[in-house]
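K.L.:
structure of the sequence below:
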Amino acid sequence: MPVIYGALEVPNPKVQHKALKIIPTIVDIIDYATVKTALFQKLELLYKKSDILTIRINTLICFYSILKFLDQFTIVEKLIPTLRVIKTAEPGVLVSLPVFFFTALRSCAHTPFPIDGDSGSL
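P.N.:
This next block holds a predicted model:
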């Protein structure tokens, strides 16, 4: 993980892109505490400081892949406010954000969005 953390902090977009591509494939073998404390914070910082669209999209994919590891507080108080301030007019990103928000809120224990008869998938 230190190599991935370092790659996320390097100011080279190609290196960041490679690290972001690896995260969804290894997220299932990372423990909960590491995802919540270290990985989430690195992804959040990268998402906030990057203006490169591919980095933002890949960061969204990583957020989606770690969603199952995040607790309600982290989702509602940290992740959603971070994503809410997105500065892009890219149609692909704008179309995917409502689905992401809906999925994030549904993963919280006390979601205000129950759907009767739904198995929880979109």
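
K.L.:
distance of Asp31 from Leu70?
P.N.:
Distance, Asp31 to Leu70, by C-beta to C-beta, to the nearest Å: 13 Å. C-beta here means a position set from N, CA and C on the backbone, and glycine is covered the same way.

K.L.:
when these two are compared, which one has more neighbours?
P.N.:
Leu70 (20 against 8; other C-beta atoms under 10 Å).

K.L.:
thinking the more buried one is in contact with Val35, fair?
P.N.:
Yes - contact criterion C-beta atoms under 8 Å: Leu70 and Val35 qualify, at 7.5 Å.

K.L.:
which parts of the lengthiest helix in the chain are buried?
P.N.:
Assignment by DSSP state H gives helix 91-107 as the longest helix of the chain. Buried residues in helix 91-107, defined by neighbour count with 16 or more other C-beta atoms under 10 Å: 93, 100-101, 103-107.

K.L.:
again with stretch 58-69
P.N.:
For stretch 58-69, by 16+ other C-beta under 10 Å, it's 58-60, 62-67, 69.

K.L.:
ok, residues contacting it?
P.N.:
Stretch 58-69 has contacts (C-beta atoms under 8 Å, 6 or more residues apart in numbering) with 17, 20-21, 23-24, 27, 30, 32, 35-36, 39-40, 43, 46-47, 50, 75, 79, 83, 93, 96, 100, 103-104, 107.

K.L.:
do stretch 29-39 as well
P.N.:
1, 5, 23, 27, 66, 69-71, 74.

K.L.:
in TSV: those, plus secondary structure and pLDDT.
P.N.:
Output for the contacts of stretch 29-39, formatted as TSV (DSSP: H, G, I helix; E, B strand; the rest coil; pLDDT from 0 to 100):
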residue	secondary structure	pLDDT
Met1	coil	86
Tyr5	helix	92
Ile23	helix	94
Val27	helix	90
Ile66	helix	91
Phe69	helix	86
Leu70	coil	86
Asp71	coil	86
Thr74	helix	87
